[in-house]
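[1] Sequence and computational prediction follow.
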Amino acid sequence: MRALVYDGSKPRFEPRHPDPELAPGEAIIRPIAAGVCSTDLEISRGYMDYRGVLGHEFVGIVEKVHPDVDDKAKQLVGKRVVGSINCVCGKCDMCTRGLANHCRDRTVLGIAGRDGCFAERFSLPVKNLLAVPDTLDDDHAVFTEPLAAACNVMNMLRIESRPFVTVLGDGRLGLLTAQVLSKLNASVRVIGKHPDKLALCEKWGIKHRLLSDVSLRADQDVVVDCTGSASGLDTALKMVRPRGKVVLKTTVAEQKGVDLSPIVIHEIQLLGSRCGLFSDALAMLNGGEVDVVSLISRRVKFAESEKALATAAMPGTLKVLIEFE
């Protein structure tokens, strides 16, 4: 089969990559569309020391399931699905404590120990899959994974007394996160560097400003760093008030030289936030609560998927979708 593979030096399109094996409890999925994420770009720069097929954001069709799955799982064959990316053991201390996303033995689709979805076929455990409602089209469904990640910010915060919340970064994740947080009882604004991206906030009634126009006055109750930049945390620490909270969504291959002393001096809470519940994201998408179509910058055919990564890395690009024939 064809696949977009990272070999440790650069991504390359392979016309003859080994087909995925159908392991117990798993399904083989044929992708319809896939999204290029900042994490894909970071992996291509050495993040996670990953080797294999790239990609983890997808909507696809289940082609077959392992014979050992139950009747409910067998009904997924032929259905459109999305799927959570963490494949877990269900037995370790993290799994049994309700922290399966932090499973000691997990593999992660296209990120750690498991080939991703930028291929003609890939595999996932059937327990990871959710059927896509017939009322939801592919352009929306493919945003389930990044929207779930944005929704998880809400789970990290306790919103009281209409706090001032800044989403730092006007990229795809920042704009999704801002839309999610705007549903809460909070004063939300987006700070970024790109007027054309920030202009989308006007459609959604979300306040926005250029970073160059903002004074770093340490007056925000919460700052969510979605910059995808090593400098994002430093800026966030200068924006948040004493005893405020910084939620870190950024993953970069290298993050050096950040002065962490403000965390101690100003008693700042620093929170990491990763994956969220796909069921929550699907419900928001199906209910029309979030605008994702406006984030699509470019569509690229799978055979040109090397170009998709290059395009996603270009300034001004939001979301690049890979479309499969």
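    All right, it came through fine.
[2] Only the buried residues of the one helix or strand residue 263 maps to, if you could.
    Secondary-structure element containing residue 263, defined by DSSP states H and E: helix 261-265. Using 16 or more other C-beta atoms under 10 Å as the burial criterion, the residues of helix 261-265 that qualify are 262-263. To be clear about C-beta, it is placed using only N, CA and C from the backbone, and glycine gets the same treatment.
[3] Equivalent analysis for stretch 270-282, please.
    So for stretch 270-282, counting by 16+ other C-beta under 10 Å, buried means 270, 273, 275-276, 278, 280-282.
[4] export those residues to JSON lines and tack on secondary structure, distance to residue 174 and pLDDT?
    Supplementary listing: these in JSON lines, determined by DSSP: H, G, I helix; E, B strand; the rest coil; distance: C-beta to C-beta, whole Å; pLDDT from 0 to 100:
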{"residue": "270", "secondary structure": "strand", "distance to residue 174": "18", "pLDDT": "95"}
{"residue": "273", "secondary structure": "coil", "distance to residue 174": "13", "pLDDT": "94"}
{"residue": "275", "secondary structure": "coil", "distance to residue 174": "17", "pLDDT": "92"}
{"residue": "276", "secondary structure": "coil", "distance to residue 174": "15", "pLDDT": "93"}
{"residue": "278", "secondary structure": "helix", "distance to residue 174": "20", "pLDDT": "96"}
{"residue": "280", "secondary structure": "helix", "distance to residue 174": "19", "pLDDT": "95"}
{"residue": "281", "secondary structure": "helix", "distance to residue 174": "16", "pLDDT": "97"}
{"residue": "282", "secondary structure": "helix", "distance to residue 174": "21", "pLDDT": "97"}
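[5] Where does the prediction get shaky in the chain?
    Scanning the chain for pLDDT under 70 picks out the ranges 253-256.
[6] which residues sit against the helix or strand harbouring residue 42?
    Assignment of secondary structure by DSSP H and E places residue 42 within helix 38-43. Among residues not part of helix 38-43, those counted as contacts by C-beta atoms under 8 Å, 6 or more residues apart in numbering are 6, 47-48, 50, 54-56, 110-111, 171-173, 228, 251-253, 309, 312-313.
[7] any idea how far the helix or strand following it is from the chain center?
    Along the chain past helix 38-43, the next helix or strand (assigned with DSSP H and E) turns out to be strand 52-53. Centroid separation between strand 52-53 and its chain, computed with C-alpha atoms, centre = their mean, to the nearest Å, is 18 Å.
[8] Output the contacting helices and strands for strand 52-53.
    Contact partners of strand 52-53 among helices and strands, from 3 or more C-beta pairs under 8 Å, 6 or more residues apart in numbering; DSSP states H and E: strand 3-6.
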